[in-house]
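**Q** I'll drop the sequence and a predicted model, then ask my questions.
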Amino acid sequence: MSGDAREAILRHPAQPSLGGHYGWQIEVLFKELKGTLGLGEYQVQTRQGIERHLHVCGLAHLALTHHSLRAVGAQAKQANKDVPLPRFQERFEALRREVRKDNVERFVKRIRHAKTRRRVREHLLAA
């Protein structure tokens with residue numbers, strides 16, 4: 001390789017295959033995975049353990065994103081359009097609230113007396 005070609009490559013390195021448009025989104029993804037979902041806190045030493053932990057964190061992120069897209073509704077179904085989602089922590093809290101509400105509803109369905117059922121539902125949802 002000539003000196004001119006080497007110098008041109010050093011001044012203008014090739015773009016990474018996932019760079020450009022997706023680069024920032026990938027950085028945000030890993031920041032969310034490390035910060036909230038514990039990707040950076042794994043304490044396994046085997047390659048298989050690290051891969052499993054990475055997959056679990058990725059699946060958790062996918063579940064939160066899917067839940068948020070369902071909440072957005074029809075706007076998320078439009079092709080080739082970016083959909084603004086809430087911040088990651090807000091998505092996490094929204095999913096927790098929905099899971100809690102579902103658990104409360106399943107619990108109070110077992111209570112036969114309507115007035116007691118209503119009071120228990122109100123008390124558990126207020127807590």
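**A** Thanks, I have it.
**Q** need the helices for the chain, in chain order.
**A** Counting by DSSP state H, residue ranges of the helices within the chain are 3-11, 21-35, 47-72, 88-108, 114-126.
**Q** need those in a markdown table with mean pLDDT, mean neighbour count and distance to Ala79, can you?
**A** All C-beta atoms are positioned from the backbone trio N, CA, C, and that covers glycine. A markdown table is the format used below for those (pLDDT from 0 to 100; neighbours: other Cβ atoms under 10 Å; distance: least, Cβ to Cβ, whole Å):
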| stretch | mean pLDDT | mean neighbour count | distance to Ala79 |
| --- | --- | --- | --- |
| helix 3-11 | 48 | 9 | 38 |
| helix 21-35 | 70 | 13 | 17 |
| helix 47-72 | 83 | 14 | 14 |
| helix 88-108 | 89 | 14 | 22 |
| helix 114-126 | 92 | 12 | 38 |
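**Q** switch these over to TSV; also include distance to Lys81.
**A** Listed next are those as TSV, based on distance: least, Cβ to Cβ, whole Å:
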stretch	distance to Lys81
helix 3-11	37
helix 21-35	14
helix 47-72	11
helix 88-108	19
helix 114-126	35
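**Q** so which of these comes closest to Glu41?
**A** Counting by Cβ to Cβ, Glu41 lies closest to helix 21-35 out of the helices of the chain; the figure is 8.2 Å.
**Q** quick one: which of the helices of the chain is nearest Asn80?
**A** Nearest to Asn80 among the helices of the chain is helix 21-35 (12.6 Å), distances taken as Cβ to Cβ.
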